[in-house]
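Trainee: this is the structure alone, sequence omitted:
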């Protein structure tokens, strides 16, 4: 799931105790497969699947960063609680986990992932209620399907006694390679499949303020895993993010979607109002092909046909031009160390973290500078 916006720390404001959860990085699927010499085989398999159309109070908690590829949190489901690790996703609104009754290789996780999935055993939970409703969700990298149920969930010190969620017993091939046990949707209720109320809406009454803040850290060493950010429920994170927050009205209450006014890099600039979204579930930049072509010209990037990505020489990681977005009359400059990633490709090549997209109230989102202890002085921007 390699998309999205390398912007700033995201402050997502909902309707109306602060709880914090560290986010974690489990390791880049790309970097892991590249290191094992299996990435080309993986790409061929994904291409085959696409051709067959098979790829369809306040608190906080840590985020898990896997080589700046996907960010996850630990939650529990059921009574007694069963821990699962789920992708933190502002690009969707449903919670789902993998059914322990699913015995397929995808549900168990492929050996290449170096990860054994934690599946939810519904029969071991005294509070689980199975529903007759089926669910199906089609994400950009793949799909999941199964049935819905209700149970108790906890995350970051918060508890929802009765949360409706999906129990997946069919997964797209791509999920067998990912170090995750499900997805935790943070989008708006209108986006939720089967009109399920997302977990965030169910805890609003427990919070000091109706908002959450996501800070995603940046790791330069691809071998570094573990804690890589923080999600704070019910307060702004003024420790890891600048206290100045620039709020932007949402253009739709589905995704965290808003308008940009302009974009530039080097000598290229374009002033055109466009709808964009901030998606923590897909952490590469997905942008129209004509914009990519201009970024390629400005950076001197070359397309790596073997690994299917644009690359530049790693020695240029710190001195390529900034990506500059203008949002609500404020310019956001993202330095090249934020959008160039060393995946271990070898031969001095590093990846541009972007890929092509065909052209085609008080509700608001806020942006603030994020602070990274692992980057040199002068590179304070975050990656989302």
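Mentor: Good, I have the coordinates. This one's a predicted model, so the numbers in the text were calculated from it and none came from an experiment. Numbers count the residues shown, from 1 in each chain.
Trainee: number of residues surrounding residue 104?
Mentor: Residue 104 has 11 neighbours, counted by other Cβ atoms under 10 Å. All C-beta atoms are positioned from the backbone trio N, CA, C, and that covers glycine.
Trainee: what sits against it?
Mentor: Residues in contact with residue 104 (Cβ atoms under 8 Å, 6 or more residues apart in numbering) are 170, 171.
Trainee: kindly report the same for the one 5 residues further on.
Mentor: Remark: with contacts taken as Cβ under 8 Å, 6+ apart, residue 109 is in contact with 115, 116, 117, 176, 179.
Trainee: likewise for residue 132?
Mentor: When contacts are counted by Cβ under 8 Å, 6+ apart, residue 132 touches residue 147.
Trainee: cutoff 10 Å now
Mentor: With contact set as Cβ atoms under 10 Å, 6 or more residues apart in numbering, residue 132 has these partners: 147, 148.
Trainee: what does residue 121 give?
Mentor: Residue 121 sits next to 77, 78, 82, 99, 100, 101, 128 when contact means Cβ under 10 Å, 6+ apart.
Trainee: mind checking how far the fifth one is from residue 283?
Mentor: According to Cβ to Cβ, to the nearest Å, residue 100 stands 29 Å off from residue 283.
Trainee: go on, residue 152?
Mentor: Computed as Cβ to Cβ, the residue 152 to residue 283 distance reads 30 Å.
Trainee: residue 171 contacts residue 110, correct?
Mentor: No: counting by Cβ atoms under 10 Å, residue 171 does not reach residue 110; the two are 11.3 Å apart.
Trainee: tell me which of the two has more neighbours.
Mentor: The neighbour comparison of residue 171 against residue 110 (other Cβ under 10 Å) goes to residue 171, with 25 against 17.
Trainee: grab the nearest non-local neighbour of that one.
Mentor: Leaving aside its sequence neighbours, residue 171 sits nearest to residue 106 (Cβ to Cβ, 6 or more residues apart in numbering; 4.6 Å).
Trainee: all helices of the protein, in order?
Mentor: Remark: helices assigned in the chain by DSSP state H are 29-36, 39-51, 105-108, 199-202, 289-299, 336-339.
Trainee: circling back to that earlier point, top of the contacts of residue 121 by neighbour count?
Mentor: Counting neighbours by other Cβ under 10 Å, residue 77 leads the contacts of residue 121 with 29 neighbours.
Trainee: partner residues bridging that one?
Mentor: Beta-bridge partners recorded for residue 77 (DSSP bridges): residue 82, residue 153.
Trainee: the one 10 residues further on now?
Mentor: Residue 87 has the following beta-bridge partners by DSSP bridges: residue 72, residue 183.
Trainee: could you count how many residues lie near it?
Mentor: 25.
Trainee: below-threshold pLDDT in the stretch 151-300 of the chain: ranges please.
Mentor: Applying pLDDT under 70 to the stretch 151-300 of the chain flags the ranges 221-226.
Trainee: 80 instead, please
Mentor: Applying pLDDT under 80 to the stretch 151-300 of the chain flags the ranges 219-228, 282-283.
Trainee: so what sits against both of residue 171 and residue 110?
Mentor: 117, 178.
Trainee: could you find the closest non-adjacent residue to residue 162?
Mentor: Nearest non-adjacent residue to residue 162, counting by Cβ to Cβ, 6+ apart: residue 150, 5.3 Å away.
Trainee: show me the chain divided up by domain.
Mentor: 15-240, 252-368 (automatic domain parsing).
Trainee: of these, which approaches residue 246 most closely?
Mentor: Residue 246 sits nearest to domain 252-368 of all the domains of the chain, at 4.9 Å, using Cβ to Cβ.
Trainee: which one in the protein is furthest away from the centre?
Mentor: residue 126 (31.7 Å; Cα atoms, centre = their mean).
Trainee: can you get me a residue count around the closest residue to that one other than its chain neighbours?
Mentor: Among residues not flanking residue 126 along the chain, residue 79 sits closest, at 5.0 Å (Cβ to Cβ, 6+ apart). By the measure other Cβ under 10 Å, the count of residues near residue 79 is 14.
Trainee: contacting residues for residue 152?
Mentor: 76-81, 125-128, 159-163 are the contacts of residue 152 under Cβ under 10 Å, 6+ apart.
Trainee: now do 8 Å
Mentor: 77, 78, 79, 81, 127, 159, 160, 161, 162, 163 are the contacts of residue 152 under Cβ under 8 Å, 6+ apart.
Trainee: neighbouring contacts of stretch 139-146?
Mentor: 1, 3, 55-56, 92, 96, 99, 102, 134-137, 166-175, 183, 281-282.
Trainee: how far does stretch 99-116 sit from the chain's center?
Mentor: On the basis of Cα atoms, centre = their mean, to the nearest Å, stretch 99-116 is displaced by 21 Å from the centre of the chain it belongs to.
Trainee: hmm, I was thinking of stretch 74-92
Mentor: Distance of stretch 74-92 from the chain centroid (Cα atoms, centre = their mean) equals 14 Å.
Trainee: now the end-to-end length of it.
Mentor: With Cα to Cα, to the nearest Å as the measure, stretch 74-92 spans 18 Å from end to end.
Trainee: please identify the buried residues of it?
Mentor: Residues 74-78, 82, 84-92 are the ones in stretch 74-92 that count as buried (16 or more other Cβ atoms under 10 Å).
Trainee: and the contacts of residue 152, which two are the farthest apart?
Mentor: 81 and 162 (14.9 Å).
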